[in-house]
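Trainee: What shape does this take:
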Amino acid sequence: MAMTTDLFALVLGLARPVPSYSGLIARLPIAGGGRSIGVSCKMRQRSLSSQHRRQKNRKVSPKRLPLNMNIQSHDGENEEVQNVTNDNIINAPLDTLSSPVTDTSFIMKTDETLTVSGEKDILVNSIDGGGHNRGDGGKQLQNVRLEDLIDMIRNAEKNILLLNQARVRALEDLDKILSEKEALQAEINVLAIKLAETDARIRVAAQEKVKVELLESQLEELKNEMSSRNSTEGGNIVEYESTSRIHNAEFLPLVFNASPLDEELSSLRKENMLLMQDIHSLKLKLGDVEQTEERVSMLEKEKSLLVAAVNELEFRLSVSQEDISKLTVVKSECRTLWEKVENLQALLENATQQTNQAVKVLEQNHELQRKVEKLESSLEEANASKVSSEKSEHHNKQLLQKIKLLEERLQTSDQELQSHILFYQESVKDFQNTINKLEEEGRGKDHGEPADDMPSEFWSRLLLTIDGWLFEKKISSNDAKLLREMAWKRDNQIRDAYLACKGKNEQEAVGMLLKLILSPTRLGLNIVHIAAEMAPVAKVGGLGDVVTGLSKALQRNGHLVEIILPKYDCMQYERITDLKALDVDMHSYFDGQLFKNKIWVGTVEGLPVYFVEPHHPAKFFWRGQVYGEHDDFKRFSFFSRAALEFLHQAGKKPDIIHCHDWQTAFVAPLYWDIYVARGFMNSARICFTCHNFEHQGTAAASELSSCGLDVHRLMRADRMQDNSAHDKINPTKGAIVYSNIVTTVSPTYAQEVCTAEGGHGLHETLNYHAMKFVGILNGIDADAWNPCTDPFLRFQYNADDLQGKAENKDALRKQLKLSSSDVSQPVVACITRLVPQKGVHLIRHAIYRTLELGGQFLLLGSSPVPHIQREFEGIAKHFQNHPHVQLLLKYDEALSHLIYAASDMFIVPSIFEPCGLTQMIAMRYGSVPIVRRTGGLNDSVFDVDDDTIPLQYRNGFTFLTPNEEGLNGAMERAFDCYMNRHEVWQQLVQKDMRIDFSWGSSAAQYEDLYEKAVARARAAASRV
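Mentor: Here you go, the predicted model:
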């Protein structure tokens, strides 16, 4: 019976471990109509020698009986096993219909049947039934008849067939549903196409209707116009007729194609035909056009007369405007004088009141003096009476105390009176001095006092004109010096004379200015910058911003500042005012011969600039780029020598020559070894600023001789020999050795480069010259970077009104097609050159981390390193059309302003950063910086959570370790503050916008260095 149960379970697909029975072998052949699948069910044979095992196999546990099968005890041989019902099979779990040795193909086949061979059905060896059950005395189980087993198998087969048929029917239903779905989808596609065609037809009909309405309005206007001009202008009617025909030819086909408008178009055609008939009749009546032509000629003559009258009126208007400008100047001066007089009157009245008070105090003192005298007389009388009573003595003591008190009061009042008198005298003196100053100012208006009513561009243009006359030998060097200093002082006389030169030839202008020459006194220093960059005309990095910003600040402080640049072919010439070439050729030495240079002059940002254009066969500055050429060493050594030659030939005597980076570092040794040694120049002191010690311009020693320097003399460890490669020359080291002042762009960076890790091989040289080496933090141009007046912004704003910042943020999102669904979502920005120094791996990590934190990321910048550029191009392609990331691998000046204004956070994860300007600009626009603590970043950004920093200086988020963990910590703190502490974030933004990062304080430090160097030079010259 146990064997029967397990075989039935096998047929149903229940793969259970089957107990073995001695002498039992079962094989079930399976045959099908189309194909047959052989299934073999093997049972493991066991040894029959052990009587204990035979006895154990005879005991059958009731738990082994299968579900839905009732096994009867033997009362006779006709007892049968109950059949399994179809319902029980169908309701069984699905896994009972599968077997480890069969697959679904077996179940899917409906024609497969199970057959049992007659000769080899199933052999069942009779087992001795001598044993008994232990628990209840046991009843032996009878052998199951073969017919019962076959019936059970056939019932299972029928149930399987029923299941297969039901599944086949389900599959057929599924196929029908899929076919119906495809048919419905085809119908939907057809309907969609028809709908699109209908929409297109509707749009075409609407356009045609608009054209028809426009034609009707034109016809109506032409009717009205023809009716009013019925008798004068026949020629116009002819033109109208042709125009009308063209319009009809254009619009009638459209009208016929628009079936819904047929009725309106038919009426319109009728009206058009009638109108054409009217026009034809009018054309016949109006034949003569000569009168119209005569009228036109008369009108042209009247027009020429009117133009002449207008020109005359414009001339008179310009003259009147000049008079008005002069009148406004006089009015403002009178108003100023009147205010000063009123202030003096108030001061005099105050002094008079104080004098009256002093007189009153004096009278009180006199009264006190009289009382003291009375007391003294009474005391004398008391002494005369010689009263010896205790009361009189006590009274005398009181009197003495009162006398002392009165004397003290008298002394105090005398002191107060004296102070009032002194104050009155000083007030009178101040009043007199003020009157004298006013009189001197009134006289000084006509005697060369400074004028502040003209822009910087005016004075720079005047200085360039004077230098041009000198270089063209139209004036002497002494005359040029005097005229330059008058312009330098912003003298009223030279201003008026230069304005009066307008409209006159150059010879007359020279004569007028030479009449003004006096002996003025100097007001400041003459500073000449020699550099490879200047913003905005030739800008690659921060150097250009520094040259322009520092020069403008020094010029505002009263110094004469001039800049010498190479004339690149790739400059932004539209940003140069009054650019012109001087009518003279200047020659400079290079490679053993003299080469011609063309000198150009112009003003940039109100500063006078000289552009040197070499006429060299190598076309040094006609390369389409500022840096990156194979012969940069030759290009810039040539320029440095030509710049000094220009100063020498122009007769300039600057106090300071300021050169920048290795490209103009040649100036220092050239100046001292050639120009001073030969007696050409000796007035200037050299200041050298290195903006990045990573770039030192080293080259083979033989390259240095091209500019005229003695290689054998300079190829020494204490001069220009490179500290690492002893066979090479180092221009940066030469500038450090030969300059009077050496600076870099931040205090922290100055400390870093004095170490072996940050000095790039120059730390020993810098430490040796530490007395003249200083770090000064750069500033930014507060006029160019000002959210209140920035012309690149769509909405201006300030620290007190941040609404414009939010509007710029929304505008930038629309421009770059970023998501605007969450207006409060923070925008993280990065504007930089993609070079290893800037921490490109951290910038890449910041993109993904920003998305994880729920922000949007913007990157603006490109890389000169090919593999880095390719890497970020791949990232940009990956995030193409992403709603929260935009990578713009270029530099766009206008877009940079908008990104600064729109961003909430600005990331600068530099590995090292000499100064950095972007974090200062970002704070100026209310974008909170996230930076690594290095170089100038450490000098300008202080962590909001650093308790060691005073609260008023905390302005951003910083990290120290240059890895992803450090950056993550700073970004997470910034996002937490932005999203969860809105008031704190708002206050932080406003604080950052109010920080003064202008060039004022930095320029003052440079001025101090300049003046000390010049003072030492003059003291040394006086001792000679």
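Trainee: residues of the longest strand anywhere in the chain that come out buried?
Mentor: Longest strand of the chain, by residue count under DSSP state E: strand 577-590. When burial is assessed from 16 or more other C-beta atoms under 10 Å, strand 577-590 yields the following buried residues: 579, 582, 586, 588-590. Backbone N, C-alpha and C define where each C-beta goes, glycine included.
Trainee: on contacts alone, who are the packing partners of the next helix-or-strand element following that strand?
Mentor: Next in sequence after strand 577-590, counting helices and strands by DSSP states H and E, comes strand 593-604. Here strand 593-604 touches helix 456-471, strand 577-590, strand 607-614, helix 632-649, going by 3 or more C-beta pairs under 8 Å, 6 or more residues apart in numbering; DSSP states H and E.
Trainee: With mean pLDDT and distance to Leu777 added, can I get these in a markdown table?
Mentor: Converted to a markdown table, the helices and strands packed on strand 593-604 look like this (pLDDT from 0 to 100; distance: least, C-beta to C-beta, whole Å):
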| stretch | mean pLDDT | distance to Leu777 |
| --- | --- | --- |
| helix 456-471 | 85 | 25 |
| strand 577-590 | 93 | 30 |
| strand 607-614 | 96 | 22 |
| helix 632-649 | 96 | 26 |
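Trainee: Out of those, flag the one nearest Pro787.
Mentor: Among those, helix 456-471 comes nearest to Pro787, with 23.1 Å by C-beta to C-beta.
Trainee: what's in contact with that closest one?
Mentor: Here helix 456-471 makes contact (C-beta atoms under 8 Å, 6 or more residues apart in numbering) with 475-477, 480, 483-484, 487-488, 490, 494-495, 498, 510, 513, 552, 555, 560, 562, 577-578, 580, 582, 584, 586, 599, 601-603, 606-608, 610, 649-651.
Trainee: Surely Leu306 is in a strand?
Mentor: No - using DSSP: H, G, I helix; E, B strand; the rest coil, the assignment for Leu306 is helix, not a strand.
Trainee: and it, how many residues sit next to it?
Mentor: A count of nearby residues for Leu306, using other C-beta atoms under 10 Å, gives 10.
Trainee: re earlier: can you give the strand pairings for the longest strand of the chain, parallel or anti for each?
Mentor: Partners of strand 577-590 in the sheet, by DSSP bridges, are strand 593-604 (antiparallel).
Trainee: what's the angle from the strand it pairs with to strand 607-614?
Mentor: Put simply, strand 593-604 runs at 150 degrees to strand 607-614, going by axes from the mean of the first three to the mean of the last three C-alpha atoms, to 10 degrees.
Trainee: in strand 593-604, what counts as buried?
Mentor: Applying 16+ other C-beta under 10 Å to strand 593-604 flags 595, 597, 599-604 as buried.
Trainee: now do stretch 748-767
Mentor: 748-750, 752-754, 758-763, 765-766.
Trainee: Can you give me the end-to-end span of it?
Mentor: Criterion C-alpha to C-alpha, to the nearest Å; first-to-last residue distance in stretch 748-767 is 15 Å.
Trainee: Let me see the mean pLDDT of it.
Mentor: For stretch 748-767, mean pLDDT rounds to 95.
Trainee: got it, and stretch 853-867?
Mentor: For stretch 853-867, mean pLDDT is 95.
Trainee: how does this structure divide into domains?
Mentor: Domain segmentation of the chain under the TED database yields 460-518, 526-775, 802-997.
Trainee: for the second one, the distance to its chain's centre please.
Mentor: So the one you mean is domain 526-775. What separates the centre of domain 526-775 from the centre of its chain is 30 Å, taken as C-alpha atoms, centre = their mean, to the nearest Å.
Trainee: Next: the last one.
Mentor: A distance of 8 Å separates the C-alpha centroid of domain 802-997 from that of its chain, computed with C-alpha atoms, centre = their mean.
Trainee: measure that domain end to end?
Mentor: 20 Å.
Trainee: now swap in the longest one and tell me
Mentor: Length of domain 526-775, first residue to last, C-alpha to C-alpha: 23 Å.
Trainee: Just name whatever secondary elements whichever strand or helix holds Leu766 is in contact with.
Mentor: Taking DSSP H and E as the criterion, the element that holds Leu766 is helix 763-768. Under the contact criterion of 3+ C-beta pairs under 8 Å, 6+ apart, helix 763-768 touches helix 731-738.
Trainee: Tell me what angle the helix it packs on forms with helix 632-649.
Mentor: Using the same axes, to 10 degrees: helix 731-738 against helix 632-649 is 40 degrees.
Trainee: quick one: strands adjacent to the next helix or strand after helix 731-738?
Mentor: Counting by DSSP H and E, the element after helix 731-738 in chain order, helix or strand, is strand 741-744. With DSSP bridges as the test, strand 741-744 is paired with strand 685-690 (parallel), strand 773-775 (parallel).
Trainee: got CSV for those strands, with mean neighbour count too?
Mentor: What follows is those, written out as CSV (neighbours: other C-beta atoms under 10 Å):
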stretch, mean neighbour count
strand 685-690, 25
strand 773-775, 19
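Trainee: The ones you listed into TSV, with extra columns for distance to Lys502?
Mentor: Listed next are the strands paired with strand 741-744 as TSV, based on distance: least, C-beta to C-beta, whole Å:
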stretch	distance to Lys502
strand 685-690	38
strand 773-775	46
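Trainee: TSV for these, including mean pLDDT and distance to Thr918?
Mentor: As requested, the strands paired with strand 741-744 are arranged in TSV below (pLDDT from 0 to 100; distance: least, C-beta to C-beta, whole Å):
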stretch	mean pLDDT	distance to Thr918
strand 685-690	97	19
strand 773-775	97	19
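Trainee: Nearest to Tyr568, out of those strands?
Mentor: Among the strands paired with strand 741-744, strand 685-690 comes nearest to Tyr568, with 20.9 Å by C-beta to C-beta.
Trainee: Just the CA trace of that closest one, in PDB.
Mentor: Backbone C-alpha positions of strand 685-690 (Å, rounded to 0.1, in the frame of the first residue of the first chain) are rendered in PDB as follows:
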ATOM      1  CA  ARG A 685      62.500 100.300  -8.300                       C
ATOM      2  CA  ILE A 686      61.300  96.900  -9.500                       C
ATOM      3  CA  CYS A 687      58.300  95.100  -8.000                       C
ATOM      4  CA  PHE A 688      57.700  91.500  -9.000                       C
ATOM      5  CA  THR A 689      54.400  89.600  -8.300                       C
ATOM      6  CA  CYS A 690      54.200  85.900  -8.800                       C
END
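Trainee: partners of whichever helix or strand comes after that strand in the sheet?
Mentor: Moving toward the C-terminus from strand 685-690, the next helix or strand (DSSP H and E) is strand 699-700. Paired with strand 699-700 in the same sheet, following DSSP bridges, are strand 728-729 (antiparallel).
Trainee: Mind checking which of the contacts of helix 456-471 are buried?
Mentor: The neighbour count (16+ other C-beta under 10 Å) marks 475, 480, 483-484, 487-488, 490, 494-495, 498, 510, 513, 552, 555, 560, 562, 582, 586, 599, 601-603, 606-608, 610, 649-650 as buried among those.
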